[in-house]
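Undergrad: sequence plus the predicted model coming up.
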Amino acid sequence: MFKTIGLQPCATAKSWLTSVPIIGLLAAVPACAQTPDLILIHGKILTVDAKDSIAQAVAIRQGKIVAVGSDQEILQLAGAKARVIDLHGRTATPGLMDSHAHIAAGGLEELYSVELSDAATVDEVVRRVQAGVAKLKPGEWLTGAGWDEGKFAEHRYVLASDLDKVSPHNPVWLMHTTGHYGAANHEALRLADITAGSKDPPAGTIDRDPQGLPTGVLKESAMDAVLVLIPPPTPEQRRNGILRMVDTLHREGMTAVKDPDIGQPTWDAYRQLLDEKKLLLHVCVLWHGGTTLESAREALARIQSLPRPPDSLGDGNLLSCGAKLYMDGSGGARTAWVYKEWNKNSTGIDRGNYGYPLTNPDIYRQEVRLFHQAGVSVGTHAIGDHAIDWVVDTYAEVLKEKPTPGLRHSIIHANIPTDHAIDAMASLQKDYDAGYPESQPPFVWWIGDTYAGNFGPERSLRLNPFHTYLSRGIIWGGGSDYSVTPLPARFGIWASVERETLKGTYGAHPFGTAESVDVHTALRSYTAWAARQLFLEDKIGSIEPGKEADIAVWDKDMYTIPAAELHDLKCEMTIYNGEVVYRAKNTPVTGQ
């Protein structure tokens, strides 16, 4: 099927559009409206429209898609000055997007912290810390990020005793890949005044050895005593971090992201890059709402000073999308709030550990009510089944009190929802355009070995229940939670289908495959569905007339290749708002 639209500034465009039958629309379009300035031909265009249509070519004018159809149809539209990109049979999709990625913070980690995500042993972590400390003056902080005991040959935490050997005079803090716990050396513990006599703070855990001494591992709010001592990044470093991630996103065919849990310095960095016309990306942010009514009110004041979505800055480049709250902690740290005790090593039991709320449940409900009454969208971090139930019930309560369709309150992560939570999500989406899971398929892969050990055989089968969602008419936004997992959305598309762990510690598929979905659904969760969660579904998310020309070109056809190959897809070109922002070396895709 061929589709096109008329464009201004044709004075008669509106009148003839209302009088011409759709079947004859191409021939009737005025010459000024049908002349694109860029066309893509000789491709396989996965439009991700409502019918999942496939085309050969796309016409673009002034950054917007004006027609989608066959090569012949699109070439008929081209004027002498139109740029032509020959895809040489390559597959194009809408620009991929991530509904939950901490790109501003992750860019800082990549540029200014020791990289630990690929460390295979505790000893390797120690060697990297040693190399980093060698570049510092005594007393200067060393930070690192990305370690995961599930990837270590030793299958244990990094401890202060490991780090002290190579950093006796420099405080060290190494954040775990989940961001919910980390390891400090004894110099950092000394500066934070964490001793054998220290008590666990509310909603936090100081890990201890059999003698009751702190091991250096701090979870949830216990991290704060160390984090407040680390010098904050400079404005220039924040800008550099974001620019680093914009480049990475483009190389991965990604053109939009929701960056959650930001504060004023990060917003200022985004605004500056937008003003400099360097923010070649759609960014929707969630402001840090904190765990108290006071912190929620402070966030609300900031939010109320900015345009409400879908209104934005830079015509869809930068949106203030709402507030982020926390109901519980981490599946990796076993601090998420669950009904049954956490497992250890898959079949063992972590006796007495049900996790805990990070926010007092009653205070949380008041925070949500505050934002909801003000017409502000809320995204709540909830991993455990108990936490998820509390979140969806809170949303249902405030929406009943003040029915406000379209705020799209979301459940961030929503790892192991109960049947009750799934029922609530279906109802909330149908009745209020709310209750959307923003899920991370790569969790089953990148941290899947740790997750399988902690969730245990029974709970693991409920992780990311996408097939059940689909059967209930529930849609979700795909994401990475970067830097918890790697950023490329292709990993999430693959993981949605395969549900395979990285190391296979408890087997390749401890989460089963009953909740797998096909690649068509997986792609939609990283395009059209994710766009809804960024309040940008009218602008991006599909390749259709009227949408912005955000397009990714791939080396293989993801609809036909074996599912295992989705992991290794390569982006050959990324187009943002009608401009080529990335072209791979040696790509056969050509253009003028």
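TA: Happy to help now that I have it. Numbers count the residues shown, from 1 in each chain.

Undergrad: please enumerate the helices of the stretch 51-200 of the chain.
TA: Using DSSP state H, counting those that start in this stretch, the helices found in the stretch 51-200 of the chain span residues 71-77, 103-112, 122-133, 160-164, 186-191.

Undergrad: now do the contacts for residue 266.
TA: For residue 266, the contacting residues are 104, 105, 238, 259, 285, by C-beta atoms under 8 Å, 6 or more residues apart in numbering. Where C-beta positions appear, they are placed from N, C-alpha and C, glycine not excepted.

Undergrad: wait, which of those residues is closest to residue 94?
TA: Residue 94 lies nearest to residue 259 out of the contacts of residue 266, by C-beta to C-beta, at 19.6 Å.

Undergrad: next, the closest one: secondary structure please.
TA: Look at residue 259: counting by DSSP: H, G, I helix; E, B strand; the rest coil, its state is strand.

Undergrad: number of residues surrounding it?
TA: Here the number of neighbours of residue 259 (other C-beta atoms under 10 Å) works out to 26.

Undergrad: what is it paired to in the beta sheet?
TA: Using DSSP bridges, the bridge partners assigned to residue 259 are residue 285.

Undergrad: ok, it to residue 528 distance?
TA: Note on residue 259: its distance to residue 528, by C-beta to C-beta, to the nearest Å, is 20 Å.

Undergrad: what does residue 97 give?
TA: Separation of residue 97 from residue 528 (C-beta to C-beta) stands at 10 Å.

Undergrad: now for the contacts of residue 266, which pair is the farthest apart?
TA: 238 and 285 (13.3 Å).

Undergrad: neighbour count: the two, which is higher?
TA: When neighbours are counted by other C-beta under 10 Å, residue 285 comes out ahead of the other of residue 238 and residue 285, with 25 against 22.

Undergrad: okay, and for the chain, where does confidence drop off?
TA: Applying pLDDT under 70 to the chain flags residues 1-34, 592.

Undergrad: sorry, back to before: closest to residue 324 out of the helices of the stretch 51-200 of the chain?
TA: Ranking the helices of the stretch 51-200 of the chain by proximity to residue 324 (C-beta to C-beta) places helix 103-112 first, at 12.7 Å.

Undergrad: buried residues, that closest one. List them.
TA: Applying a neighbour-count criterion of 16 or more other C-beta atoms under 10 Å, the buried positions in helix 103-112 are 103, 104, 105, 106, 107, 108, 109, 110.

Undergrad: need the contact list for the spatially most central residue of the chain.
TA: For the chain, residue 100 is the residue whose C-alpha lies nearest the centre (C-alpha atoms, centre = their mean; 2.4 Å). By C-beta under 8 Å, 6+ apart, the contact list for residue 100 reads 258, 260, 412, 413, 438, 440, 477, 479, 480, 481.

Undergrad: residue 157 reaches residue 209, doesn't it?
TA: No. In this structure, residue 157 sits apart from residue 209 without contact. The criterion is C-beta atoms under 8 Å, and the distance is 10.9 Å.

Undergrad: so for these two, which sits in the more crowded spot?
TA: residue 157 (18 against 13).

Undergrad: and the residue nearest to that one when sequence neighbours are not counted, helix, strand or coil?
TA: Beyond its immediate neighbours in the sequence, the residue positioned closest to residue 157 (C-beta to C-beta, 6 or more residues apart in numbering) is residue 217, lying 5.0 Å away. Classification of residue 217 using three-state DSSP returns strand.
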